[in-house]
Each structure stands twice: as structure tokens, then as C-alpha cells.
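**Student:** After the sequence you'll find the predicted model.
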Amino acid sequence: QYGNGGRNIGTGPGTKTLDFSTFKNFAIGERRTLQFRAETFNISNTPQFNQPVANIGAATSGRITSAGSEATLQRTQRQVQLALKLIF
């Protein structure tokens with residue numbers, strides 16, 4: 001049964017992430033540089049919950065049933081990425 005709820009009462013939690021990156025350059029001769037990169041996404045590993053189910057007639061209406069999206073790598077757990085870059 002439909003009630004008398006107002007607009008936008010089904011908003012979910014926001015996204016809170018803290019990203020960190022560091023770089024170090026190593027000179028190779030006069031014209032070349034090797035760069036080491038270390039990047040961390042969601043360094044505090046804060047859980048990123050998805051939006052609640054918005055289907056009014058569904059049994060799980062208003063409930064948050066998942067967190068993150070592994071397929072698109074959005075709102076996921078902590079991830080560390082290491083890289084080497086040659087600049088010439």
C-alpha cells in the first residue's frame with residue numbers, strides 16, 4: 001500500500017574514500033627518468049554501501065542489500081597499485 005512519504009526519503013549513504021599516492025623519480029643518464037609509483041585507493045578501507053532498493057512493491061524495499069561493485073571497480077575495498085614508468 002502506498003503511504004504519504006515525502007520526496008527523496010529513500011536516499012542512501014554517501015561515498016567516503018581516502019586515496020594516497022607517492023612517486024619517486026630515478027635519473028638514468030641525462031635524458032631518461034624511471035618513475036616508481038605507489039597508489040592506494042580507499043586507504044582507510046571504509047565500507048562503501050550501495051543505494052537502498054527503490055522498488056516500492058519489492059520485499060526488500062528500502063534495504064541496502066550490497067556493497068561496492070566489483071565489475072566496475074567502483075566503491076570497492078582497499079586497492080594498491082604499483083607501477084614503473086620510463087620517461088624518455
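**Tutor:** Great, that's in hand.
**Student:** and Gln74, how far is that from Phe36?
**Tutor:** Applying Cβ to Cβ, to the nearest Å, the value for Gln74 to Phe36 is 27 Å. In this view, the C-beta of every residue, glycine as well, is placed from N, C-alpha and C.
**Student:** and if you look at Asn50?
**Tutor:** 35 Å.
**Student:** Asn42: how many residues sit nearby?
**Tutor:** 20 (other Cβ atoms under 10 Å).
**Student:** ok, it - contacts?
**Tutor:** Under the criterion of Cβ atoms under 8 Å, 6 or more residues apart in numbering, the neighbours of Asn42 are Thr17, Leu18, Asp19, Gln48, Thr76, Gln77, Arg78, Gln79.
**Student:** Also Leu84?
**Tutor:** Leu34, Gln35, Phe36, Arg37.
**Student:** same question, Thr40
**Tutor:** Asp19, Phe20, Ser21, Arg78, Gln79, Val80, Gln81.
**Student:** Tabulate the residues you listed (JSON lines), appending secondary structure.
**Tutor:** Formatted as JSON lines, the contacts of Thr40 follow (DSSP: H, G, I helix; E, B strand; the rest coil):
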{"residue": "Asp19", "secondary structure": "coil"}
{"residue": "Phe20", "secondary structure": "strand"}
{"residue": "Ser21", "secondary structure": "strand"}
{"residue": "Arg78", "secondary structure": "coil"}
{"residue": "Gln79", "secondary structure": "strand"}
{"residue": "Val80", "secondary structure": "strand"}
{"residue": "Gln81", "secondary structure": "strand"}
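**Student:** Farthest pair within those?
**Tutor:** Ser21 and Arg78 (13.6 Å; Cβ to Cβ).
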